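Q: Next come a sequence and a model predicted from it.
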Amino acid sequence: MYQKILCPVDGSDGSGKALDDAAKLARLTQAQLLILTVFRHHSLLDASLSMVDVDDPDTVEDVLRTHAVSICDKAKSAALQSGANNVRAVVKRGPPARTILGFAEQNGADLIVLGGRGSGDSENYLLGSVSHKVTSLAKCSVLVT
């Protein structure tokens with residue numbers, strides 16, 4: 001059965017449902033649950049906007065990383081409360097789909113569980129762009145919830 005289940009989370013309702021399903025599967029199969037939160041690298045425009053308030057030393061990237069860590073920590077707590085007992089949570093920066101795929105391959109995930117649509121701006125698609133790319137390019141099984 002499954003040894004390592006990867007569940008990317010972004011704080012959206014869809015990723016919350018995927019996390020519930022991944023935690024149940026991990027509990028039933030005694031698999032390790034890998035939780036991954038990916039935040040995007042900000043643009044040069046964002047970087048220049050972060051210089052507007054000189055009293056605030058945080059950069060846009062710091063704010064994004066802090067938010068991602070918060071999402072990841074909450075997801076890990078929820079997975080542990082659901083009964084998954086071997087849970088590892090990681091935050092990475094980069095393009096979401098590519099980062100998820102690379103992390104899955106580097107960590108030997110044999111299943112990726114993700115929501116069909118996350119917090120991105122793809123509201124007019126049946127399947128979000130990240131989940132579409134992951135399902136198309138993953139070298140392991142993918143469950144879209």
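A: The structure has been received and is ready for your questions. Numbering: from 1, shown residues only.
Q: C-terminal to the helix or strand of the chain with the lowest mean pLDDT, what's the next element?
A: In the chain, no helix or strand scores lower on mean pLDDT, DSSP states H and E than helix 44-49, which sits at a mean of 57. Beyond helix 44-49 on the C-terminal side, the first helix or strand identified by DSSP states H and E is helix 60-81.
Q: List the buried residues of that next one.
A: By neighbour count on 16 or more other Cβ atoms under 10 Å, the buried set for helix 60-81 is Val60, Glu61, Leu64, Arg65, Ala68, Ile71, Cys72, Lys74, Ala75, Lys76, Ala78, Ala79. Just so you know, the C-beta spots here come from the backbone N, C-alpha and C atoms, and that holds for glycine as well.
Q: Leu101 - that's part of a helix, no?
A: Yes - per DSSP: H, G, I helix; E, B strand; the rest coil, Leu101 lies within a helix segment.
Q: Okay, now the unreliable bits of the chain?
A: Low-confidence segments of the chain (pLDDT under 70): 42-57, 117-127.
Q: List the contacts of the one residue sitting closest to the centre of it.
A: In the chain, the residue lying closest to the centroid (Cα atoms, centre = their mean) is Pro8, at 2.6 Å. Residues near Pro8 by Cβ atoms under 8 Å, 6 or more residues apart in numbering: Ser15, Ala18, Ile35, Leu36, Thr37, Val38, Pro96, Ile100, Ile112, Leu114, Val130, Val134.
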